[in-house]
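Chemist: Quick one, fold the following:
(2 chains)
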Amino acid sequence: MKTIPYFPGCSLKDTATPFETSAQFVMEKLGLALAELDRWNCCGTVSSLTSDDLMHHLAAVRNFVRVQDLGETELVALCAMCYNTLARTAQRVNGDDADRDKINQFMDRESDYVGDVKIVHLLQVLRDRIGWETLAEHSTVNLNGLNVACYYGCTLVRPKSVGIDDAENPTLMDDALEAVGATPRAFPFATECCGTYQVVDRRDLSIEHSFRILQSAARTGADVIATACPLCQHNLQEAQRELSGMENIRDLEIVYFTELLGAALGMDPTALPERITQSLQTTAAAQADQGGN
Amino acid sequence: MTEEKLTQIFVMGKAYDVPAGITIMDAMEYAGYRFVRGAGCRSGFCGACGTVYRKDGDYRLEFALACQEMVEEGMHLTQIPFTPAPRSDYQLNELDAAENVLLQHYPAIARCVSCNTCTKACPQDIEVMDYVQAALRGDLKRVAELSFDCIQCGLCAMRCPADIKHYHLSQMARRLYSVTESPEPAHLTARMAELGDGAYDAELDEMMSMTLDQLKQRYAERVIEKEGEAL
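Modeler: So this is what the prediction gives:
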């Protein structure tokens, strides 16, 4: 089977394991398996916003060296935050000989990074290397028009220079899920901020942000919210737990988009959140009723 | 009579001529230093004699154990026998080996920028940064395995720009891994039972009844390694 080098990141190894297992299942079904790097370290998100601090790009570059040592030039990420951090570092150092030289001199135990590793997100791989039609052909379980609000958050689409899609009106995740039979709902808050790391010491702030997103998602008539970011997932889940029972808040399952793809491609239902399988049954039953009338 | 070949080293800035081909520790003692602390097993196991040095003309700081590394001409060195690094307080049997248990006890690991300075400082050639990264993602097994050769010298923690306490962290991981995941060692269980059944009680009782002089004599005559026995 063909493989593509894959960078998991920390969250996918602890709090977001379903994201990884479902993506691996999907990609194996599609014949392009995710090959986890043997050695990898943090994507570098520790402080990637400090533009004059080359030191903080070391982590990302070190991962690029591992890819280069494999003789590969592409690295796929799942976590939106890892994607963003890696892609921004690639953008900076791939095009800057002086920065790369400085980093190479510091990392004197590794091979020099020559600057040709490209970071891609799984959604881009699905579109560009697999294609929506092939994805649709591999779908074995009917999602029965399951209503999905695709939540992109910030890091997949901003800044524009590394965004995987239009920053204001992205459709990549919608397209992927539509290909396997789900019904993406028009979702005005799809790229609003969830509150990110503010949750650590300003939980109220992140709940306030997430509240508006949850409310908007509920109004679209969605059954589930799909995301590509463990931090967004966490914040929305926390807010939902906190606000449960409030007016305009419906308990929606907040899942990784790969879990829905996995469901469509025949993943063991016991490995999926119960609410997905429940939602699928409910939608199927509703449609059967309509068919009967 | 052949003249002894001498080499010049600098200990804390002062020049000494010492015999070539001896260890840093022997050279310092030759030069008149007496180790009260900062020397232990003298065999590269205890980690008490952490040392930093620069070779003449090299920009880089090197790290070693004084009892293992040979002196070289023009070596500038000093001892770092102790690293002030607080250790987290925990009761091993009460810990929950959850994914973030290491992060909770040593939160500074989240500050790692993957600079790899810790790995470069390790006299045991451990991939220190790799185990810090494994700790971040809660992989106890990988931390335990990668750090197995750690001798707790503390040089990693001394060098870290993020103030991580690597060696305490990995010790916690190895302990936790051994009580939660690794199989119970049959030989240890058997040995504990043997001790519990009083296998050495008679010898201990005998020593308890000896005088100080008798004990000293017994100690002086002890056999550590039988003569002619290969290591």
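
Chemist: Show me which residues of the stretch 51-200 of chain A are close to chain B?
Modeler: Taking CB under 8 Å from any CB of the partner chain as the contact definition, the stretch 51-200 of chain A meets chain B at A:55, A:56, A:58, A:59, A:62, A:106, A:107, A:109. Yep, even glycine has a C-beta here, placed from its N, CA and C like the rest.

Chemist: Return the closest of those with respect to chain B.
Modeler: residue A:59 (3.5 Å; CB to the nearest CB).

Chemist: Am I right that the closest one falls within a helix?
Modeler: Yes - assignment of residue A:59 by DSSP: H, G, I helix; E, B strand; the rest coil places it within a helix.

Chemist: Now for residue 68, how many residues are close by?
Modeler: This is for chain A. Close neighbours of residue A:68, defined as other CB atoms under 10 Å in any protein chain shown, add up to 20.

Chemist: my bad, the chain I had in mind was chain B
Modeler: Residue B:68 has 16 neighbours, counted by other CB under 10 Å.

Chemist: Residue A:288 now?
Modeler: Neighbourhood size, residue A:288 [other CB under 10 Å]: 10.

Chemist: same question, residue B:99
Modeler: Neighbour count of residue B:99, defined by other CB under 10 Å: 16.

Chemist: Just confirm it contacts residue A:11, I think it does.
Modeler: No - applying CB atoms under 8 Å as the test, residue B:99 and residue A:11 come out as separate, 10.1 Å apart.

Chemist: between the residues of the stretch 51-200 of chain A next to chain B, which has the most around it?
Modeler: residue A:59 (26 neighbours).

Chemist: That one contacts residue A:40, doesn't it?
Modeler: No - here residue A:59 does not reach residue A:40: they are 9.5 Å apart, not a contact under CB under 8 Å.

Chemist: Spell out which residues of chain B are next to chain A.
Modeler: Residues of chain B lying close to chain A by CB under 8 Å from any CB are B:99-100, B:110-116, B:119-120, B:129-130, B:133, B:136-139.

Chemist: Narrow those to those that are buried.
Modeler: B:99, B:110, B:112-116, B:119-120, B:129-130, B:133, B:136-139 (16 or more other CB atoms under 10 Å in any protein chain shown).

Chemist: farthest-separated two in the residues you listed?
Modeler: Pairwise distances across these peak at 28.5 Å for B:99 and B:120 (criterion: CB to CB).

Chemist: coming back round to it: just name the closest of the buried ones among the residues of chain B next to chain A to residue A:229, please.
Modeler: For these, the closest approach to residue A:229 (CB to CB) belongs to residue B:137, at 16.9 Å.

Chemist: In contact with that closest one, which residues are there?
Modeler: Going by CB atoms under 8 Å, 6 or more residues apart in numbering or on different chains, residue B:137 touches A:10, A:13, A:14, B:99.

Chemist: Report the two of those separated the most.
Modeler: By the measure CB to CB, A:10 and B:99 form the most distant pair in these, at 9.5 Å.

Chemist: rewinding a little: for the contacts of residue B:137, which entry has the maximal number of neighbours?
Modeler: Neighbour max across the contacts of residue B:137 (other CB under 10 Å) = residue A:10, 26 neighbours.

Chemist: contacting residues for that one?
Modeler: Listed by CB under 8 Å, 6+ apart, the contact set of residue A:10 reads A:42, B:136, B:137.

Chemist: mind listing what residue 64 touches?
Modeler: Using chain A. With the criterion set at CB under 8 Å, 6+ apart, residue A:64 makes contact with A:75, A:86, A:89, A:90, A:113, A:117.

Chemist: think we crossed wires, I meant chain B
Modeler: Taking CB under 8 Å, 6+ apart as the test, what residue B:64 contacts is B:24, B:51, B:53, B:123.

Chemist: Skipping its backbone neighbours, what lies nearest the first one in space?
Modeler: Pointing back at residue B:24 there. Distances taken as CB to CB, 6 or more residues apart in numbering or on different chains place residue B:66 nearest to residue B:24, at 4.1 Å, with adjacent residues excluded.

Chemist: Which elements pack onto the longest helix seen in chain B?
Modeler: Using DSSP state H, we find that the single longest helix of chain B is helix B:166-180. Other helices and strands packing on helix B:166-180, by 3 or more CB pairs under 8 Å, 6 or more residues apart in numbering or on different chains; DSSP states H and E, are helix B:101-105, helix B:128-136, helix B:140-146, helix B:155-159.

Chemist: For residue B:81, pull up the helix or strand it's in.
Modeler: Using DSSP states H and E, residue B:81 sits in no helix or strand.

Chemist: Surely it touches residue B:50?
Modeler: Yes - here residue B:81 lies in contact with residue B:50, judged by CB under 8 Å, at a distance of 6.5 Å.

Chemist: which of these two has more neighbours?
Modeler: Neighbours per residue, other CB under 10 Å: of residue B:81 and residue B:50, the larger number sits with residue B:50, 24 against 19.

Chemist: List the residues that contact that one.
Modeler: By CB under 8 Å, 6+ apart, the residues touching residue B:50 are B:63, B:65, B:66, B:79, B:80, B:81, B:83, B:123, B:153, B:154, B:155, B:158.

Chemist: May I have the beta-bridge partners of it?
Modeler: Residue B:50 has these beta-bridge partners by DSSP bridges: residue B:65.

Chemist: If I look at it, what pLDDT would I see?
Modeler: Residue B:50 is assigned 94 on the pLDDT scale.
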